[in-house]
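In: Kindly return the folded structure for what I paste below:
(one chain, ligands or ions: 1)
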Amino acid sequence: MAKRQLTPKSEDMSKWYTQVIQQAKLADYSPVKGCMVIRPNGYGIWENIHDALDPLLKGLGVQNAYFPLFIPMSFLNREADHVKGFAPELAIVTHGGGEELEEKLAVRPTSETIMYEMYSKWVQSYRDLPILINQWNNVVRWEKRTYFFLRTTEFLWQEAHTAHATHAESFRMVMDGLEAYRNVAEESMAIPVIMGRKSNAEKFAGAAVTTTIEAMMPDGKALQAGTSHDLGQNFSKKEAFNIAFQNKEGKMDYAWQVSYGFSTRTIGALIMVHGDDDGIVIPPKIAPTQVSIIPTEQDEAIMHRCNELLVNLKKGGIRAKLLFDAEHSLGWRMNESEIEGVPLALVLGKKELEANSVTAKIRYNHSQETIDYATIESQVQAMLNHIQQQMFAAALKKQKELTSSTESYDEFKNIMKTKRGFLKAFWCEDETCEKTIKDETKASTRCLPFIDKNGQVAEEKGTCIKCGKAATHRWLFAQAY
Ligand SMILES: [Zn+2]
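Out: Residues are numbered from 1 along each chain as shown. I've put the predicted structure just below:
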C-alpha cells in the first residue's frame with residue numbers, strides 16, 4: 001500500500017513524528033498558517049485526558065466555568081511582567097461589526113487578566129474566598145510554523161485560577177495542581193515526569209514561583225508537560241487587579257493566587273515517548289479505541305462471533321471497535337490498527353473459531369498470545385492493565401537511561417553533544433551562568449527537583465558547574481522542545 005511510507009522513528013524522529021501524526025489521522029495541517037486540525041483520533045485522546053484530569057480538579061474543589069475569548073488590551077497592561085511576556089505572541093482584534101474598536105481586544109493567550117477583573121468584583125471579605133475556578137478552552141499564541149501539538153498558534157488546554165486568603169493555603173493548591181498533572185501524565189498517559197520548580201528566568205510571566213512536570217523524550221530532549229504557578233499577590237495588588245478583602249482580623253489584605261494549565265502539547269509527548277517504527281502506541285487508559293476486533297474474512301460464523309465479542313467487551317466498559325469492511329484486505333486492517341496505536345488487536349478466523357480461542361496481538365511489544373474465548377472479557381481487562389503498567393515501566397527505564405549527573409563542565413558539554421537527556425549539576429543560581437550554559441550547550445535549567453509533595457528540595461554543598469562559586473542545589477538541565 002502506498003500509504004505506509006513511514007520513516008522509521010529510530011532513523012529520524014522528527015520526520016517520523018510529522019508523518020505518523022498524519023498517517024494515524026491524529027491531526028492535519030490547516031489552511032491557516034500556524035494552526036492545525038485535530039482529527040477524531042487525536043481529539044479522542046484529548047477527551048480521555050479531560051476525563052482523567054477533570055475529576056482530579058473537581059476533587060480539589062475546583063469548578064468549571066467560562067470567560068470571554070477577548071481581553072481588553074488595558075487589562076493585559078496591568079501586570080508589567082505578564083504583558084512583557086505575552087506581547088510578542090498576541091493576536092489583536094482591531095475591528096468588530098465593520099467598525100474600528102475604541103479599545104483593541106487581544107484573543108486570550110491565557111486568562112489571568114479577564115478572570116481576575118471579575119474576581120476583584122466578587123471578593124470583599126475572607127468569606128468570599130477561596131475562589132476555585134477552571135476553564136477548558138482554547139488560547140492563541142502566535143506562531144509562524146506548525147509543529148503538530150507542540151507548537152501551534154491555537155491550542156486547547158485547561159487553565160485553573162484560584163484565589164485564597166493565605167499563602168499557606170494558595171501554595172498547597174500550587175502543589176495539589178501539580179500532583180494532579182503528575183497523576184494524569186504517569187498513571188493515564190504512562191509518561192514518567194520530574195516535578196520541580198523553575199528558575200527565575202524560566203518561570204511564567206507574572207508568577208512568583210513556577211512549578212513544573214518535565215518529561216524526557218527518546219531523542220534526549222525534555223518537554224515541559226504542565227505547569228502550576230504561585231502568583232503570590234502580583235495580580236491581586238492594588239495597581240494590578242485590586243483583589244482586596246477584609247481578613248478575619250478586620251484588616252485589608254490582597255488575595256493569594258494560583259494558576260495552572262495542562263494542554264494538548266502533552267499529546268506530542270505521548271506520541272514521541274511511546275511510538276515506534278510501525279506507528280503510534282497509545283496506553284490503554286487514554287486510547288480512544290482500546291481493542292480492535294479483526295475478523296480474518298467475511299464468513300457468517302466468524303462475523304457472528306466478532307459481533308458478539310464486540311457487544312460483550314463494550315458491556316464490560318472496554319472501548320472496542322470492529323475493524324471490518326469488504327473493501328480492505330486483512331493486512332490493510334491489521335496495519336490500520338497498528339499505526340493508529342490501538343493497544344490490543346483480537347484476530348478471529350476459522351482456526352480460532354474451531355479452537356474456541358482468539359489470537360491477541362499486543363501492540364507495544366509486538367507479542368502474540370492465544371486466549372480462551374470462554375474467559376475473554378476478564379483476560380482482555382487484565383491484559384489492558386498489564387500493558388498500561390509495562391508501557392510506564394518501559395518509559396521510566398528509558399528516562400533513567402537518559403538521566404546523568406556531572407561535576408565537570410567539559411563532560412556536561414560532551415553529554416549535551418552526544419546522548420543529551422536530563423543532566424543533574426550544581427548551579428550557583430546566577431542568571432549569567434544560566435545564560436552562558438544555554439548559549440554554549442543549548443541546555444536550559446528544566447527545574448530544581450522536589451523531594452516530596454510539599455515542594456521541598458535537597459540542600460547540598462557543591463560548586464557551580466560553570467563558574468565554580470558555591471552552590472547549594474543540583475538543578476536538572478536539558479535541551480528542550
Ligand atoms: Zn555560576
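In: Can you give me the neighbour number for whichever residue of the stretch 1-150 of the chain sits closest to the ion?
Out: Nearest to the ion in the stretch 1-150 of the chain, going by Cβ to the ion, is residue 81, at a distance of 24.0 Å. Heads up, the C-betas are built off the backbone N, CA and C, glycines and all. As a burial measure, residue 81 scores 13 neighbours (other Cβ atoms under 10 Å).
In: what about it, which helix or strand?
Out: Element membership of residue 81, judged by DSSP states H and E, is helix 80-86.
In: which other helices and strands contact the helix or strand harbouring residue 397?
Out: Following DSSP H and E, one finds residue 397 within helix 376-401. Here helix 376-401 touches strand 209-216, helix 265-274, helix 300-315, strand 344-348, strand 357-362, strand 367-372, going by 3 or more Cβ pairs under 8 Å, 6 or more residues apart in numbering; DSSP states H and E.
In: Just send those back as CSV, with mean neighbour count and distance to the ion too.
Out: Shown next, in CSV, are these (neighbours: other Cβ atoms under 10 Å; distance: least, Cβ to the ion, whole Å):
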stretch, mean neighbour count, distance to the ion
strand 209-216, 25, 21
helix 265-274, 25, 30
helix 300-315, 15, 58
strand 344-348, 23, 51
strand 357-362, 19, 49
strand 367-372, 12, 49
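In: Save those as a markdown table, and put in mean pLDDT too.
Out: Listed next are the helices and strands packed on helix 376-401 as a markdown table, based on pLDDT from 0 to 100:
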| stretch | mean pLDDT |
| --- | --- |
| strand 209-216 | 98 |
| helix 265-274 | 98 |
| helix 300-315 | 97 |
| strand 344-348 | 98 |
| strand 357-362 | 98 |
| strand 367-372 | 96 |
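In: ok, and does the helix or strand where residue 414 lies reach over to the ion?
Out: Under the criterion of DSSP H and E, residue 414 resides in helix 409-417. No: counting by Cβ under 5 Å from the ion, the ion is not contacted by helix 409-417; separation bottoms out at 10.2 Å.
In: Downstream of that helix, the next helix or strand is which one?
Out: Under the assignment DSSP H and E, the closest C-terminal helix or strand after helix 409-417 is strand 422-426.
In: I'd like to check the angle between that next one and helix 409-417, please.
Out: Angle, strand 422-426 to helix 409-417, by axes from the mean of the first three to the mean of the last three Cα atoms, to 10 degrees: 160 degrees.
In: Pull the distance from the helix holding residue 414 to the chain's centre.
Out: 29 Å (Cα atoms, centre = their mean, to the nearest Å).
In: repeat for stretch 440-454
Out: Remark: stretch 440-454 is offset 17 Å from the chain centroid, using Cα atoms, centre = their mean.
In: try stretch 403-410
Out: 28 Å.
In: Endpoints of that stretch, how far apart?
Out: Stretch 403-410 has an end-to-end distance of 17 Å (Cα to Cα, to the nearest Å).
In: Now do it: everything it contacts.
Out: Residues outside stretch 403-410 that contact it (Cβ atoms under 8 Å, 6 or more residues apart in numbering): 216, 412, 415, 419, 421-426, 462-463, 465-466, 474.
In: What lies in contact with the helix or strand bottoming out on mean pLDDT in the chain?
Out: In the chain, the helix or strand scored least confidently by mean pLDDT, DSSP states H and E is helix 80-86, which has a mean of 85. By Cβ under 8 Å, 6+ apart, the residues outside helix 80-86 that reach it are 76-77, 109-110, 112-113, 141, 204-206, 234-235.
In: what packs against the next helix or strand after it?
Out: Tracing the chain past helix 80-86, the next element assigned as helix or strand by DSSP H and E is strand 92-96. Applying 3+ Cβ pairs under 8 Å, 6+ apart, we find strand 92-96 packed against strand 99-107.
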